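Enquirer: coords below, sequence missing:
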């Protein structure tokens, strides 16, 4: 069962995002966004994403598109990149981060498979947990770091790849209600922010690699449905609810 064990060093939380006071520290360029395109809240169009991250998401089939029209008949296309749910509210979603901007010692984005990105994303989530930035996607209770957590605090990392493409953390006991919460949710109902940036340079090379099939991973649990856990493995849990 996943417990959210701590990484070997506390990640540096740089607080990059859309909110906060307007000062020099909070005006750092958000992770995953082009410097020549000023992002606005909810702007996850291909033009706003870093070109290599956008291309990678597209190649993996993770971008989502829809066409909308207005009252005068004008038609436009809306685009949403994959997201991370940092809590249960619609306002808690951020755009999935760019590994090359976190000092991640594993493979660079251009060499990653989806499994490689899932390993990176889990390490990013660990850093977010250590920074106190993650809450359960269902109940909203803060996700805790540490080994041997009490049963109510144990959690899993979930990867949803349907109309909504998103990663999230959820308490083990909350997974049975997750399908109801996510039913009917589309990425176009959400206004994601830019992600926070964490320094992942402390990770070892082994911590950036997926566990071999015969190895027992310490943090991840494969979940075929919200209430049907299987053996642990070093990857994010696919969600089929």
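Expert: All right, it came through fine. Keep in mind the model is a prediction, meaning the values are calculated, not measured.
Enquirer: Give the rounded mean pLDDT of the one helix or strand residue 179 maps to.
Expert: Residue 179 belongs to helix 178-182 when assigned by DSSP states H and E. Averaging pLDDT along helix 178-182 gives 88.
Enquirer: Please apply the same query to stretch 137-152.
Expert: According to the model, stretch 137-152 has a mean pLDDT of 93.
Enquirer: got the buried residues for it?
Expert: Across stretch 137-152, burial judged by 16 or more other CB atoms under 10 Å covers 137, 138, 143, 144, 145, 149. Where you see a C-beta, it was placed from the backbone N, CA and C, and this is true even at glycine.
Enquirer: for the fifth one, helix, strand, or coil?
Expert: Which is residue 145. Judged by DSSP: H, G, I helix; E, B strand; the rest coil, the three-state class of residue 145 is coil.
Enquirer: Phi and psi next, for it.
Expert: Main-chain dihedrals, residue 145, degrees, to the nearest 10: phi -90, psi 160.
Enquirer: Quick check: it vs residue 129, distance?
Expert: 5 Å (CB to CB, to the nearest Å).
Enquirer: just the third one next, same as before
Expert: Computed as CB to CB, the residue 143 to residue 129 distance reads 5 Å.
Enquirer: ok so, going back, so for the helix holding residue 179, what gets flagged as buried?
Expert: Across helix 178-182, burial judged by 16+ other CB under 10 Å covers 178, 181, 182.
Enquirer: nearest to residue 111, of these?
Expert: Of all those, residue 182 has the smallest distance to residue 111: 31.3 Å, by CB to CB.
Enquirer: So that closest one sits against residue 164, correct?
Expert: Yes: in this structure, residue 182 is within contact of residue 164 by CB atoms under 8 Å, at 6.9 Å.
Enquirer: contacting residues for residue 75?
Expert: Residue 75 sits next to 67, 68, 69 when contact means CB atoms under 8 Å, 6 or more residues apart in numbering.
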